[in-house]
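**Q** Got a predicted structure plus its sequence, pasted below:
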Amino acid sequence: MRPTPLLLREAMTIVVDETTERAGDLLLVDGQVAGGEGPVAAGVGGAGLGGRPEALDVSGCVVTAGLVNAHHHLLQTAFRTLPGTRGVPMATWLPTMAAAYVRVGVDPELVGAAALAGSAEGLLCGVTTIADHHLTWPAGASTADSVALARAAADAASSVGSRLVFVRGSARDDPQEAALSAEAICQALVPGRADGVSADGMLQVAVGPAGVHSDPRETFALLGEVAQRHGLRRRTQANEQVDVAIALERYGKRPLQLLDEWGWLGPDVTLAHLCDVTPEEIALVAAAGCAATHAPGCDVPMGWGVAPVAALLEAGVVVGLGTSGGGSNDAGHLLADARLAMQVSGLVGPQLAARAVLGMATRGSAVGLGRPELGHLRPGAAADLCVWDVSGVADAGVADPVAGLLWAAPGRRPRHVVVAGEVVVRDYELVRVAEREVVERLRARLARVARLG
Ligand SMILES: [Zn+2]
């Protein structure tokens, strides 16, 4: 069903993209930003408009593209502030998390409840697309079981109105089984698609081993074959503390050198984290055309390092932004992490400007997911956007309201959020689902485990 056209009226500022800002109205038709050439423009004001647009008063507000969280682990939403996971090295963190997954039991109900909470939290914070790098497949799970887990995450995101990129990850999985599962998930969730993206753009499938610290060359090769067959994006995590240490110990090489040898550097690859990278490695990533995902909300509090974002950008690498999961970053609040990215950037290079980081959280992430229609508000873009009300006391005295989105009001949430032309958050509330029901579903699932002891 086509959404009713939506007219945003009298915005203080519309951040169209990193180089264009204007005031005024914005019309959304058929899930796209209207204006310019082509079928969208033809529909505006004509018979194609499909009735009078719904008007939304956005005076006193800044409008931006919807935020794109390029790196999350939605399952970890069920495991936030887990005892024994803070202030520890990653080599301790990983088995502590793994034991918790076994104790609670990873099934479609848990995956669905965690993804529902995580994607609802995302929308309330302005995140309209989430990449869920799912790494947790229970031992002995069949291919059909893995499809059920993926479908549970997809259904959850869809039910609140969020876009989802489901990344079939692997963490020490059997390489053959991981590849069979990725193939089956692709066929079940995005059948017949040449790029892994559903016809309506709401669901995407990608593949991604957790990293060279966890998966052997064969896993990268076999998941890479699935990606090639279906035109999927490839992702992995590289050059966090433990990744570099294990790669050196096991192979006598650093992770990016291994990824290069294993055929996992290229324009269809996005590398998350990249905390500990040398100038030569930055040049290698740039030359290969890889994108990067910065995740300071995970790496900084865990003490895992700070990616040298300015140096990556300077080398020509497109950098997006991700929160990573609840096991390391207890919030899925991408704007808060954009603020953090800006604040810590000066520790590893020149200070990043607010607009540059906002660009990372929108267009940078979208490019890394292979989604040129997301992350900006030019004519023909997907109608995903946030309406930030900057008329309150936290923004009083702010000279530059766009920079203020990041600098002022930590924890800021958007008043309204639109995905594919549909208002999914209105006046700070979810439209499709009651927030307390989302909370209750995860609470009940976790409580059942506690009762069983
Ligand atoms: Zn991560």
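**A** Yep, it's here. Residues are numbered from 1 along each chain as shown.

**Q** Lowest-scoring secondary structure element of this protein by mean pLDDT?
**A** Ranking every helix and strand in the chain by mean pLDDT, DSSP states H and E puts helix 39-43 at the bottom, with a mean of 41.

**Q** Next secondary structure after that one?
**A** As assigned by DSSP states H and E, the chain's next helix or strand after helix 39-43 is strand 54-57.

**Q** CA atoms of the next helix or strand after that following strand as PDB?
**A** Per DSSP H and E, strand 54-57 leads on to strand 61-65 as the next helix or strand towards the C-terminus. What follows is strand 61-65, C-alpha atoms only, in PDB (Å, rounded to 0.1, in the frame of the first residue of the first chain):
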ATOM      1  CA  CYS A  61      12.900  22.000  13.900                       C
ATOM      2  CA  VAL A  62      16.000  20.700  12.000                       C
ATOM      3  CA  VAL A  63      15.200  17.900   9.500                       C
ATOM      4  CA  THR A  64      17.900  15.400   8.700                       C
ATOM      5  CA  ALA A  65      18.000  12.100   6.800                       C
END
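
**Q** Tell me which other helices or strands strand 61-65 touches.
**A** strand 6-15, strand 385-389, helix 401-407 (3 or more Cβ pairs under 8 Å, 6 or more residues apart in numbering; DSSP states H and E). No exception for glycine: its C-beta is placed from N, CA and C like everyone else's.

**Q** For the next helix or strand after that strand, C-alpha coordinates in CSV please.
**A** Once the chain leaves strand 61-65, the next helix or strand it forms, by DSSP H and E, is strand 67-72. Output in CSV follows, covering the C-alpha atoms of strand 67-72 (Å, rounded to 0.1, in the frame of the first residue of the first chain):
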residue,chain,number,x,y,z
LEU,A,67,20.4,7.9,10.8
VAL,A,68,21.9,4.6,9.6
ASN,A,69,23.4,2.4,12.2
ALA,A,70,26.0,0.5,10.2
HIS,A,71,27.1,-1.9,12.9
HIS,A,72,24.9,-3.4,15.6
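
**Q** Between strand 385-389 and strand 67-72, find me the angle.
**A** Comparing the axes of strand 67-72 and strand 385-389 via axes from the mean of the first three to the mean of the last three Cα atoms, to 10 degrees yields an angle of 110 degrees.

**Q** Buried ones in strand 67-72, by neighbour count?
**A** Across strand 67-72, burial judged by 16 or more other Cβ atoms under 10 Å covers 67-72.

**Q** which one of the helices and strands packed on strand 61-65 lies closest to Met342?
**A** Counting by Cβ to Cβ, Met342 lies closest to helix 401-407 out of those; the figure is 5.7 Å.

**Q** Against which helices or strands is that closest one packed?
**A** Using 3+ Cβ pairs under 8 Å, 6+ apart: helix 401-407 touches strand 6-15, strand 61-65, helix 334-345, helix 354-359.

**Q** contacts for that helix?
**A** 12-13, 15, 21, 62, 64, 335, 338-339, 342, 353-355, 357-358, 388, 390, 395, 398, 412 (Cβ atoms under 8 Å, 6 or more residues apart in numbering).

**Q** From those, list the buried ones, please.
**A** Buried subset of the contacts of helix 401-407 (neighbour count, 16+ other Cβ under 10 Å): 12-13, 15, 62, 64, 335, 338-339, 342, 354-355, 357-358, 388, 390, 395, 412.

**Q** tell me how far the helix or strand harbouring Ala184 is from the chain's mean position?
**A** According to DSSP H and E, Ala184 maps onto helix 175-189. Its chain's average C-alpha position is 21 Å from that of helix 175-189, according to Cα atoms, centre = their mean, to the nearest Å.
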